[in-house]
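A.B. asks: Here's a sequence, model it:
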Amino acid sequence: GRVVAALLVVALAVVVLLNQFAPTRSAYSATVTNTGNTAATAPYFTCGAAARADAAGALFANDLDEAAGSRTAADSSGKNAAGTYQGSMTTTANPAACARDGGTAYTLNGSTSFVSTPRSYQNPTTFSEEVWFRTTVAGGLLIGFGSNQVATSGQHDRQIYINTAGQLVFGTYNSTTQVITSPKAVTDGAWHHVVSTMSPTNGMRLYLDGTLVASNAAYRTPENATGYFRIGYDTITGWPGAPANYWFTGSMRYAAVYSTELSATQVANHAAAGR
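C.D. replies: Predicted coordinates for the structure are as follows:
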């Protein structure tokens, strides 16, 4: 019995030693499916943060998130250039332009609603115009540069508008009208982000939802004029595809004008902050 017991102890010891020196074996199975979504690190989490990051070059930045009935469109760029809500001023909260920002959006009724800016600017030749918007109506001015602060302008230039086909148009004038147009319509009722830029270096560029969709590098000089930037209304008579009604109908957030040409990366970052 003692011999058997000793043999069992030795056998157990051998088993333990074999387990200590045996290679580790493991197995796993995993399936990853990603048919439509992508993941990346965005520089800014909110549209407000994206706009403030480039505020140094802004002439003004109106978040357009005031309560219904407000008269002042606050300037978040720090340039003390608050605008004035003209006509009807109502708001909507759903759906939001930038889901993580919160707050309401400015609703323009297509007949009296627009924002006038407080001061004139002398012949801006390098600039960027920006706004988030939502509409189902083919027509209306988003942002433009006019000789009159609140009434219909005699001189009008540097305009982003929606034509009768529902496409975005960026137009400037210097002896002749020059426009660049988005290939697709934007009257689908979804929120869109638009930026137009112009400079003596790169000419005209039009971005939609963070992507360059049209450009004209040959046309680099707008009309020599002093005027006011207008949001939501001014005349667009004589421009290609101009609708009979110049008033924008829909919702807006984060309207801004810069004295610089926003880069493609800056534009893409601003658009991504709202997605």
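
A.B. asks: ok, now which ones touch residue 155?
C.D. replies: Neighbouring residues of residue 155 by CB atoms under 8 Å, 6 or more residues apart in numbering: 146-147, 223, 225, 227. Backbone N, C-alpha and C define where each C-beta goes, glycine included.

A.B. asks: Out of the residues you listed, who's the most crowded?
C.D. replies: With neighbours taken as other CB atoms under 10 Å, the top of the contacts of residue 155 is residue 146, carrying 27 neighbours.

A.B. asks: So that residue sits against residue 153, correct?
C.D. replies: Yes: here residue 146 reaches residue 153: they are 2.9 Å apart, a contact under CB atoms under 8 Å.

A.B. asks: any shared contact partners between those two?
C.D. replies: 227, 230, 234-235.

A.B. asks: Mind putting those into TSV with secondary structure?
C.D. replies: Output for these, formatted as TSV (DSSP: H, G, I helix; E, B strand; the rest coil):
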residue	secondary structure
227	strand
230	strand
234	coil
235	coil
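
A.B. asks: Could you dump those into a markdown table and include distance to residue 264 and pLDDT?
C.D. replies: Below are the shared contacts of residue 146 and residue 153 laid out as a markdown table (distance: CB to CB, whole Å; pLDDT from 0 to 100):
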| residue | distance to residue 264 | pLDDT |
| --- | --- | --- |
| 227 | 27 | 97 |
| 230 | 26 | 97 |
| 234 | 28 | 98 |
| 235 | 31 | 96 |
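
A.B. asks: Pick the one among those residues closest to residue 254.
C.D. replies: Of all the shared contacts of residue 146 and residue 153, residue 254 sits closest to residue 230, with 16.3 Å by CB to CB.

A.B. asks: which two in the shared contacts of residue 146 and residue 153 are spaced the farthest apart?
C.D. replies: Farthest pair in the shared contacts of residue 146 and residue 153, by CB to CB: 227 and 235, 12.2 Å.
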